[in-house]
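> got a sequence here, can you model it:
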Amino acid sequence: MESSNNASTTKVITGDAGYVLEDVPHLTDYIQGLPTYPNQLQTNPAYSVVKQYFVNVDDSVAQKIVCHKNSPRGTHFRRAGPRQKVYFESDEVHACIVTCGGLCPGLNTVIREIVCGLSHMYGVTRILGIDGGYKGFYSRNTIPLNPKVVNDIHKRGGTVLGTSRGGHDTSKIVDSIQDRGINQVYIIGGDGTQKGASVIFEEIRRRGLKVAVAGIPKTIDNDIPVIDKSFGFDTAVEEAQRAINAAHVESESIENGIGMVKLMGRYSGFIAMYATLASRDVDCCLIPESPFYLEGKGGLFEFIERRLKENGHMVIVMAEGAGQELLSESLLSMGQDASGNNLLQDVGLWMSHRIKDHFARQRKIAINLKYIDPTYMIRAIPGNASDNVYCTLLAQSAVHGAMAGYTGFTIGIVNGRHAYIPFHRINESRNKVVITDRMWARLLSSTNQPSFQNPKDVAEVKKEEAPATGLLDGDNSKDMILLA
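Modelled structure (predicted):
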């Protein structure tokens, strides 16, 4: 049985035993009588050894895989992959690719694999790169793309197409898509970009255009909900080790040395948490989800003093969004960037000054603190091996979905399987570290740091987050698989 919760985009199909499929839109939802064609992969030499070319039309991926024997089957998403019938002929396709928002390792790999996937798997020859983000649709020249042009770009950081924040003018963008005869749009970007992609899809649908819109989620912070992880995250965790190792060398080479490293994580502390767990040299990890205080018994200053007395040195890793509530109101009022993200003060630099001032006043311990901020070094590097494989699979899955006529979707891994996810599910919330989860407990055990939490606050959090079924719930209930 199929129903529609929202208007135009939400498609829900229900089945036996509590089965729910949150489906993605299809071109045939609003354009009647579209012809179909045999999938070109049937004659592709690379696929000649594959036993089963195509994904079954009824295949779906469960959002949650831990259940009780009497649990309902729950929410599912449509499984990604090639379909037996496609809605575009090779010479009909005119595709474009755009990258928006901040840099992230793996961007060029995604661009390369979309181009190569369209060309090598489906024989597409007309592919454009949109220069400079969303505003490039109406204010910049396009960049013709083919496998030769993109052959080596995965070895470079950044994005060969250029990027920007903001510049989203829906009417101008869709006018440009329509005027250029583009019928497949691949949009690579974070939560703000995916919200923009959703609006673009809605306008295309309103105009009744045969244009497939596919999103590839990008956020180095790993804060996109539903999916297991976002591309670039593995590379960021791996590269952060270099900064942490440098901080460790600096701190242990001098009496009462403190190495402080600020890592990315505006709202979510995944990079800081996983880099800390991977390093084993970190004494204290501070993230946005876990409030802390500085002064008094059980505060950060007391812990630093104790750890210096015990070991003679320590390493602190801090996510950029941690401790923002400790800054004065005058420092906090920095407004927002063009993507709508809050502009944050350099809390790491502020914290390093507070630590220095505290111990200078106490005059008990003479500390030597070194502050390291590797943020832009991490963002600008190419993806590592794990992320390059992941980016390849994301790009190819997006191409398969668009060729099969699906639109208004984001591609991502859900419990290890690639799935097509409706835009609204990506845009409705933010993935965060659950501090009552076992992974955060593992970190506290590794660093042997206090939680800096008031016991009453922890009890309240547990009460709020406890699922009715007694099962672990939420996007962070599973241990993240770092290698897809």
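
> shaky segments in the stretch 351-484 of the chain?
454-484 (pLDDT under 70).

> try it again with 50
467-484 (pLDDT under 50).

> ranges for the helices of the stretch 251-400 of the chain?
270-279, 300-311, 329-332, 347-362, 375-379, 385-403 (DSSP state H, counting those that start in this stretch).

> of these, which is nearest residue 228?
helix 385-403 (9.8 Å; Cβ to Cβ). To be clear about C-beta, it is placed using only N, CA and C from the backbone, and glycine gets the same treatment.

> which strands or helices does the closest one pack on?
On a contact count with 3 or more Cβ pairs under 8 Å, 6 or more residues apart in numbering; DSSP states H and E, helix 385-403 meets helix 107-116, strand 184-189, strand 212-217, helix 233-252, strand 409-414, strand 417-422.

> try 7 Å this time
helix 107-116, strand 212-217, helix 233-252, strand 409-414, strand 417-422 (3 or more Cβ pairs under 7 Å, 6 or more residues apart in numbering; DSSP states H and E).

> so how far is it off the chain centroid?
Here helix 385-403 shows a centroid-to-chain-centroid distance of 14 Å under the convention Cα atoms, centre = their mean, to the nearest Å.

> next one: stretch 217-226
2 Å.

> do stretch 138-148 as well
25 Å.

> can you list contacts of it?
115-116, 119-120, 127-132, 161, 169, 172-173, 176 (Cβ atoms under 7 Å, 6 or more residues apart in numbering).

> repeat that for stretch 168-180.
134, 137-138, 185, 196, 199-200, 203-204, 207, 209, 211.

> and those residues as a markdown table, adding secondary structure, distance to residue 230 and neighbour count?
Shown next, in a markdown table, are these (DSSP: H, G, I helix; E, B strand; the rest coil; distance: Cβ to Cβ, whole Å; neighbours: other Cβ atoms under 10 Å):
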| residue | secondary structure | distance to residue 230 | neighbour count |
| --- | --- | --- | --- |
| 134 | coil | 20 | 28 |
| 137 | helix | 24 | 27 |
| 138 | helix | 28 | 17 |
| 185 | strand | 20 | 25 |
| 196 | helix | 17 | 27 |
| 199 | helix | 21 | 15 |
| 200 | helix | 21 | 25 |
| 203 | helix | 26 | 18 |
| 204 | helix | 25 | 25 |
| 207 | helix | 31 | 13 |
| 209 | coil | 29 | 19 |
| 211 | coil | 25 | 24 |
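
> need these in JSON lines (columns: distance to residue 438).
JSON lines is the format used below for the contacts of stretch 168-180 (distance: Cβ to Cβ, whole Å):
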{"residue": "134", "distance to residue 438": "40"}
{"residue": "137", "distance to residue 438": "45"}
{"residue": "138", "distance to residue 438": "49"}
{"residue": "185", "distance to residue 438": "40"}
{"residue": "196", "distance to residue 438": "36"}
{"residue": "199", "distance to residue 438": "38"}
{"residue": "200", "distance to residue 438": "40"}
{"residue": "203", "distance to residue 438": "44"}
{"residue": "204", "distance to residue 438": "43"}
{"residue": "207", "distance to residue 438": "49"}
{"residue": "209", "distance to residue 438": "47"}
{"residue": "211", "distance to residue 438": "44"}
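
> name the nearest of these relative to residue 39.
Checking the contacts of stretch 168-180 one by one against residue 39 (Cβ to Cβ), the nearest turns out to be residue 211, at 20.0 Å.

> next, give phi and psi for that closest one.
phi -140, psi 120 (degrees, to the nearest 10).

> one more: residue 198?
According to degrees, to the nearest 10, residue 198 has phi -60, psi -40.

> can you get me a residue count around the closest residue to it other than its chain neighbours?
Spatial nearest neighbour of residue 198, excluding adjacent residues (Cβ to Cβ, 6 or more residues apart in numbering): residue 423 at 3.8 Å. For residue 423, the count of nearby residues is 26 (other Cβ atoms under 10 Å).

> go on, residue 230?
27.

> check what pLDDT it gets.
At residue 230, the predicted lDDT confidence score is 94.

> doesn't residue 215 make contact with it?
No: judged on Cβ atoms under 7 Å, residue 230 makes no contact with residue 215 at a distance of 11.8 Å.

> so what sits against both of these two?
By Cβ under 7 Å, 6+ apart, no residue touches both residue 230 and residue 215.

> centre of the chain to the host helix or strand of residue 439, how far?
Assessed by DSSP states H and E, residue 439 sits inside helix 438-447. Averaged C-alpha coordinates place helix 438-447 at 23 Å from its chain's average position (Cα atoms, centre = their mean).

> how about the CA coordinates for it, as CSV?
The C-alpha trace of helix 438-447 is given here as CSV (Å, rounded to 0.1, in the frame of the first residue of the first chain):
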residue,chain,number,x,y,z
ARG,A,438,29.2,2.8,24.5
MET,A,439,31.5,4.5,22.0
TRP,A,440,31.9,7.6,24.2
ALA,A,441,32.4,5.3,27.2
ARG,A,442,35.2,3.6,25.3
LEU,A,443,36.8,6.9,24.8
LEU,A,444,36.5,7.9,28.5
SER,A,445,38.1,4.5,29.3
SER,A,446,40.9,5.1,26.8
THR,A,447,41.8,8.6,28.0
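
> what residues sit buried inside stretch 313-327?
Neighbour-count burial for stretch 313-327 flags 313-324, 326 (criterion: 16 or more other Cβ atoms under 10 Å).
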